[in-house]
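J.: Structure for this input, please:
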Amino acid sequence: MLHGFIKKTHKTPPHEIEFALKRKNGRTRVKKKNIGSSFDSWLHDEGLSEEVTAAAIKRVLARQVEAAMKEKNFSKAEMARRMHTSRAALDRCSIPNARE
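T.: Here you go, the predicted model:
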């Protein structure tokens with residue numbers, strides 16, 4: 001709800017109808033002074049910024065590895081060999097299941 005008023009009669013006041021019509025036509029905009037902090041600042045305040053950033057980077061890298069595997073038609077074992085790592089290490093870096 002962006003605007004409200006208390007109706008004491010059955011008739012809507014003319015200035016309220018005028019205000020509603022202006023807003024409907026987009027001529028009047030509500031100024032948002034303080035809408036709260038940003039999500040990044042909230043993560044920082046809660047001490048979660050580094051953890052969330054690391055998880056996001058891991059997901060991006062995992063998606064890139066999976067896309068490369070699909071593009072080159074490599075198995076996990078072949079991709080691990082080319083990355084000079086083990087298949088288990090590649091599995092740990094893959095995108096977690098929705099249940100996890």
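J.: Could you check which helix or strand contains residue 52?
T.: Taking DSSP states H and E as the definition, one finds residue 52 inside helix 49-72.
J.: Residues in contact with the helix or strand that comes right after that helix: which ones?
T.: Next along the chain after helix 49-72, taking DSSP H and E as the criterion, comes helix 76-82. Contacts of helix 76-82 from elsewhere in the structure, counted by CB atoms under 8 Å, 6 or more residues apart in numbering, are 65, 68-69, 74, 86-87, 89-91. Every residue, glycine included, has its C-beta placed from N, CA and C.
J.: Of those, select the buried ones using a PyMOL command.
T.: Remark: buried members of the contacts of helix 76-82, expressed as a PyMOL selection using 16 or more other CB atoms under 10 Å:
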select buried, resi 65+69+90
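J.: which two from the contacts of helix 76-82 end up farthest apart in space?
T.: Based on CB to CB, the longest span within those runs between 68 and 86 and measures 17.5 Å.
J.: Show me the residue sitting in the middle of the chain in space.
T.: With the centre of the chain defined as its mean C-alpha position, the nearest residue by CA atoms, centre = their mean is residue 39, 9.3 Å away.
J.: Give me the pLDDT for that one.
T.: Among the per-residue scores, residue 39 shows a pLDDT of 83.
J.: Kindly report the same for residue 71.
T.: pLDDT, residue 71: 92.
J.: cool, residue 31 as well?
T.: Residue 31 is assigned 61 on the pLDDT scale.
J.: One more: the one 4 residues further on?
T.: For residue 35, the model assigns a pLDDT of 63.
J.: same question, residue 50
T.: The per-residue pLDDT reported for residue 50 equals 90.
J.: Can you report how many residues lie near it?
T.: The burial count assigned to residue 50 is 10, neighbours taken as other CB atoms under 10 Å.
J.: Now do it against residue 77, distance only.
T.: Residue 50 sits 33 Å away from residue 77 when distances are taken as CB to CB, to the nearest Å.
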